[in-house]
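Novice: Fold the following.
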Amino acid sequence: MWNAAVTVALAGLFWVLPAARADSVPRILTGVVLALVVAAAMLLRRRAPLAATLTAGAATLAGTALGVCQDPMLATAWCLYPLAIERAARARRLVIATALLVTALALVAGVPDGTGHDLGVRIVVAVAALSTAWLLGTAVGRQLAAAREAERARVQLALARDVHDVVGHALGVIAAEAGVVLSLPDAPAEELRETLAGVAGHARTALVDVQALVRSLRAPQRWDLTALAAGARAAGVRVELDADEEVPVSGVAYRVVQEGLSNVMRHAPGSSCSVSVRRVGGSVLVEVRDDGAVRPAGPPGSGLGLIGMRERVAATGGTVSWGERPGGGFAVTARLPVEEPA
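Specialist: Numbers count the residues shown, from 1 in each chain. Below you'll find the model as predicted:
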């Protein structure tokens, strides 16, 4: 709407009216044709800013030289603004600068005496209009580029968190189950086979989860805490799950529990662990607590899981904390906003 209004105003004021006052029919027709060309360029400035700017500049050059327009390059400046936002390559900017210089020289050539008040005003207006359009467009272009880069970084960080949560948890379960097998060399063959079958099952589950993650990171999912707890139990952790069925489990709550159980399997294998998800006031309270390691813990982790968990929770406006328990063991506690089902 604004583009059309500006196009009509500029074309009518600086092109059609001067052409209508021309002293011959050919000049009138020439002025009208050039006015239509400039109008088309302004209307297409967002789709093809480079072509629009060059066309408007060339039309201004021709109209000024023929004396059928009085446009001090305002139409060209109007087309230049989206080109500056696009932040064209250096070669394109060189083309634009050359075209604008030629057009500016045409303004001078278009005044019979080459001097006078009219010439000075038109040059000042032209320089101001082009400079303003370029500077404003460049500033807006930088802001848009920064916003795109921030969004790209946000998506990459979210992907890194998801990969860590999905793959890290699955590998933690597999490592814990493999540790169970190694710690029971004299166990009956049937028991060993069941444990190894669990390892293979979790490996397949991890593969399915990764494939689902690649297909669609934002697809709706069912956050099943029961299955999550069952996986930890299969890895040798005694898990007590207390999840209020009236509380909707969000993806963030699920990831908190998943990271908490992964840490238990990694650092306190064979321990007892309690998982609680309940509503407290206007928040959802998520707690994962263990009573300490029973068998030697695995190698220390990278800490990326806890960092990612904190970032996830913070993004929802919630809080999370973790640390050693006074009586032994480790606890992760998160408070999240209630996420009502759609």
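Novice: Figure out the helix or strand that residue 130 lives in.
Specialist: Counting by DSSP states H and E, the element that carries residue 130 is helix 117-163.
Novice: just the helices in the stretch 1-150 of the chain please.
Specialist: Using DSSP state H, counting those that start in this stretch, the helices assigned to the stretch 1-150 of the chain run over residues 2-11, 17-20, 25-43, 49-66, 74-86, 90-110, 117-163.
Novice: What are the buried residues along stretch 127-147?
Specialist: If you call a residue buried by 16 or more other CB atoms under 10 Å, then stretch 127-147 has these buried ones: 129-130, 133-134, 137-138, 141. Just so you know, the C-beta spots here come from the backbone N, C-alpha and C atoms, and that holds for glycine as well.
Novice: now, among those, which is nearest to residue 281?
Specialist: If you rank the buried residues of stretch 127-147 by distance to residue 281 using CB to CB, residue 141 comes first, at 46.5 Å.
Novice: Distance-wise, check the closest one relative to residue 322.
Specialist: Residue 141 is 43 Å from residue 322, where distance means CB to CB, to the nearest Å.
Novice: And for residue 316?
Specialist: In terms of CB to CB, residue 316 sits 17 Å off from residue 322.
Novice: now residue 49
Specialist: Distance from residue 49 to residue 322, by CB to CB: 52 Å.
Novice: which of those two has more neighbours?
Specialist: Taking other CB atoms under 10 Å, residue 49 and residue 322 do not tie; residue 49 has more neighbours (23 against 17).
Novice: wait, what's in contact with the more buried one?
Specialist: 79-80, 82-83, 85-86, 88 (CB atoms under 8 Å, 6 or more residues apart in numbering).
Novice: When you compare pLDDT across these, which one is lowest?
Specialist: Lowest pLDDT of those: residue 88, 47.
Novice: How many residues are close by residue 230?
Specialist: Residue 230, neighbours per other CB under 10 Å, totals 13.
Novice: Same question for residue 30.
Specialist: Neighbours of residue 30 (other CB under 10 Å): 19.
Novice: The closest residue to it other than its chain neighbours: neighbour count?
Specialist: Of all residues not flanking residue 30 in the chain, residue 68 sits nearest, at 5.7 Å (CB to CB, 6 or more residues apart in numbering). Residue 68 has 26 neighbours, counted by other CB under 10 Å.
Novice: just the one 10 residues further on next, same as before
Specialist: The criterion is other CB under 10 Å. On that basis, residue 78 has 22 neighbouring residues.
Novice: For residue 283, give its distance to residue 292.
Specialist: Using CB to CB, residue 283 is found at 28 Å from residue 292.
Novice: Residue 59 too?
Specialist: For residue 59, the distance to residue 292 - CB to CB - is 81 Å.
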